[in-house]
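Engineer: generate coordinates for the sequence data below:
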Amino acid sequence: MNTYPLTSLITLVLVALGLWLAIRVVKARFNFADPLTNAALFHSPAIYSDRKFMIAYRNQMNFLENLILFLPTMWIFAYNVSDGLAALIGFGYVTGRVLYAKNYPRDYTHARGFQIALLCFLFLLVGSAGSTVYSLLPI
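Structural biologist: The predicted model follows:
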């Protein structure tokens, strides 16, 4: 039986979001170069000069760079504090990342999405650190 079903659900949603962003990168690569007619260009460094590819690529990389910090923090919080609260804050993080991804870099909505995700991460980080330190205190 899963003791942390809500945090598990948010983790799966984050995996799905990562898959969606990866598919966007693949589509941008195919739009830049057809692998059947020009395989060399398809895997060429020249692809990094394409604006649409770079937007999709940086969006995915930014997500992955943050995900590696967010996931363990969310799970420590779920274990030490609350599965439900970790999932609720995780949902806020997902919402922020979706806002960021859908609007990057068109307008300032992507910055708002980043701020929401960052706030959720910082809340979980402080809660995780505080609960971990508290568990080490001799009481």
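Engineer: and residue 3, what element?
Structural biologist: Of the helices and strands defined by DSSP states H and E, none includes residue 3.
Engineer: excluding its backbone neighbours, what's nearest it?
Structural biologist: residue 83 (7.3 Å; C-beta to C-beta, 6 or more residues apart in numbering). Yep, even glycine has a C-beta here, placed from its N, CA and C like the rest.
Engineer: and that neighbour, how far from residue 114?
Structural biologist: Residue 83 is 26 Å from residue 114, where distance means C-beta to C-beta, to the nearest Å.
Engineer: more neighbours, these two?
Structural biologist: residue 83 (20 against 17; other C-beta atoms under 10 Å).
Engineer: surely residue 115 meets residue 97?
Structural biologist: No. Assessed by C-beta atoms under 8 Å, residue 115 is found out of contact with residue 97, at 11.5 Å.
Engineer: show me where this structure has helices.
Structural biologist: 5-32, 39-42, 51-80, 83-103, 109-136 (DSSP state H).
Engineer: report the buried residues of the last one.
Structural biologist: Under the neighbour-count criterion of 16 or more other C-beta atoms under 10 Å, helix 109-136 has 110, 113, 114, 116, 117, 120, 121, 123, 124, 125, 127, 128 buried.
Engineer: report all helices and strands that that helix contacts.
Structural biologist: helix 51-80, helix 83-103 (3 or more C-beta pairs under 8 Å, 6 or more residues apart in numbering; DSSP states H and E).
Engineer: out of the ones you listed, deepest packed?
Structural biologist: Comparing these by mean neighbour count (mean count of other C-beta atoms under 10 Å), helix 83-103 comes out on top with a mean of 19.
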